[in-house]
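A.B. asks: Pasting the sequence and the predicted model now:
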Amino acid sequence: MILFQLLLVLFMHPLHVSVTEIQYSEKDKALQIISRIYIDDLELAIRNQLKQESLDLLAPKNGMTTNQMVSNYLKDKLRIKLNGKPAKIHFLTHEIEDLAIICYLEIENVKKISTMEITDAVIQEIHDDQSNLVHVTYKSPVKSFRLTRDHPTDVIPFNIK
């Protein structure tokens, strides 16, 4: 059964998509980020980044942990600027849900945002058709957009008084 599931993951999911939700916590004065990525795609991308022929993202060797590998990869591929300045994104942890890895991240000490620039180039070096859907909630209705290899960055203006 496990082998069948692995084969299904490797060969059968035709969608190349990730979903990232960014939500402002007034209480914590932080942007809380949840990113869902297919495990097999992320494993392939990290294997290419590390120039390794084989890699088991969920049971890594050589003293690395899944959190370290995913955090290092996301530092390069997921970037956010607040009011024109790069924000420091803290990788908190991950969990596995079916075929996806769910990553929890946070940007601390966020007070007022007039613009948010988001670059999400996750997996785009692997799949031409990779789409990264981003949903942002900051003191207003959700703003959503799709980022692709040809358009990996978008800027959201906020007219908050």
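C.D. replies: Done, it's in.
A.B. asks: I figured residue 43 was touching residue 57, is that so?
C.D. replies: Yes. Using Cβ atoms under 8 Å, residue 43 is in contact with residue 57, at 4.1 Å. Using the backbone N, CA and C atoms, a C-beta is placed for each residue, glycine as well.
A.B. asks: Skip ahead from the helix or strand of the chain with the lowest mean pLDDT and say which helix or strand is next.
C.D. replies: Every helix and strand of the chain was ranked by mean pLDDT, DSSP states H and E. The lowest is helix 2-11, at a mean of 46. Moving toward the C-terminus from helix 2-11, the next helix or strand (DSSP states H and E) is strand 17-25.
A.B. asks: burial measure for residue 111, as a count.
C.D. replies: 7 (other Cβ atoms under 10 Å).
A.B. asks: So the closest residue to it other than its chain neighbours versus residue 87, what's the distance?
C.D. replies: Nearest residue to residue 111, sequence neighbours excluded (Cβ to Cβ, 6 or more residues apart in numbering): residue 29, at 6.3 Å. Applying Cβ to Cβ, to the nearest Å, the value for residue 29 to residue 87 is 13 Å.
A.B. asks: higher neighbour count, these two?
C.D. replies: residue 87 (18 against 12).
A.B. asks: I figured that one hits residue 80, correct?
C.D. replies: Yes. Between residue 87 and residue 80 there is a contact under Cβ under 8 Å: 4.7 Å.
A.B. asks: Now the common contact residues for those two.
C.D. replies: 31, 107 (Cβ atoms under 8 Å, 6 or more residues apart in numbering).
A.B. asks: Which residues does residue 17 form beta bridges with?
C.D. replies: On the basis of DSSP bridges, residue 17 is bridged to residue 131.
A.B. asks: doesn't residue 134 make contact with it?
C.D. replies: No. In this structure, residue 17 is not within contact of residue 134 by Cβ under 8 Å, at 11.3 Å.
A.B. asks: More neighbours: which of the two?
C.D. replies: Higher neighbour count among residue 17 and residue 134: residue 134, with 23 against 18, using other Cβ under 10 Å.
A.B. asks: Spatially, which residue comes closest to that one, not counting chain neighbours?
C.D. replies: Closest to residue 134 by Cβ to Cβ, 6+ apart is residue 20, at 4.9 Å.
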